[in-house]
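>>> give the three-dimensional model of this entry:
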Amino acid sequence: MRTLALIALVALAACKEEEAKAPPAPVELTEAALSYFCQMNVAEHGGPKGQIHLDGYPAPIFFAQVRDLVTYLKSPERDAEITAVYVSDMGAAVSWAEPGPMNWTPANTALFVVGAGVAGGMGAPELVPFADQTAAEAFVARYGGRILSLDAIPEAEVLGPVDLNQTLQNPV
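Modelled structure (predicted):
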């Protein structure tokens, strides 16, 4: 009987530990959200957005452009341990101008269209995230680019210089 109680106690402790490690849920994008790098209002800019949750911080840091979020992830200097990363699912977006306040998808499972020549919220070339392969493929058929996972995005796509003379599209 004692052994059974001990096993139950260990199992309960393991469940509580797993529960504590669950990533935080995404937070609704509101008019008050400011972009981490430029401190501009995120909602005032079109295109996909991102949010990163940091250990010990009560609210996520937001990004007006997914390119900026990936730059932060690939940068060696960070404020704290990352506990969750979410990006706009542009397959669920109303439009490019209205990516949606709650259509977040985990960045580690998202598919990113890279090299499509589309402008993000801050005017730089954008990485366009999708939760669904079919939606990503439809975007590529219309705007070009290639589909990559978060880990496969080359540093040069986010850390390299931006050609200010290139013509970028604003998707419909």
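>>> and the strand ranked longest in the chain, what other elements does it pack with?
When secondary structure is assigned using DSSP state E, the longest strand within the chain turns out to be strand 82-88. Judged by 3 or more Cβ pairs under 8 Å, 6 or more residues apart in numbering; DSSP states H and E, strand 82-88 is in contact with strand 50-54, helix 66-74, strand 104-106. Heads up, the C-betas are built off the backbone N, CA and C, glycines and all.
>>> so which of those comes closest to residue 115?
Go through the helices and strands packed on strand 82-88 one by one with Cβ to Cβ and the one that ends up closest to residue 115 is helix 66-74, at 11.7 Å.
>>> take the helices and strands packed on strand 82-88 and write them to JSON lines, including mean neighbour count, distance to residue 89 and mean pLDDT.
Conversion of those to JSON lines gives the following (neighbours: other Cβ atoms under 10 Å; distance: least, Cβ to Cβ, whole Å; pLDDT from 0 to 100):
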{"stretch": "strand 50-54", "mean neighbour count": "23", "distance to residue 89": "11", "mean pLDDT": "96"}
{"stretch": "helix 66-74", "mean neighbour count": "22", "distance to residue 89": "11", "mean pLDDT": "94"}
{"stretch": "strand 104-106", "mean neighbour count": "21", "distance to residue 89": "4", "mean pLDDT": "98"}
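>>> what pairs with the residue positioned nearest the centre of the chain across the strands?
Centroid check for the chain by Cα atoms, centre = their mean gives residue 87 as the closest residue, at 2.6 Å. Using DSSP bridges, the bridge partners assigned to residue 87 are residue 50, residue 105.
>>> contacting residues for it?
Applying Cβ atoms under 8 Å, 6 or more residues apart in numbering, we find residue 87 in contact with 48-50, 66, 69, 104-105, 107, 110, 129.
>>> then residue 82?
With contact taken as Cβ under 8 Å, 6+ apart, residue 82 is in contact with 52-55, 73.
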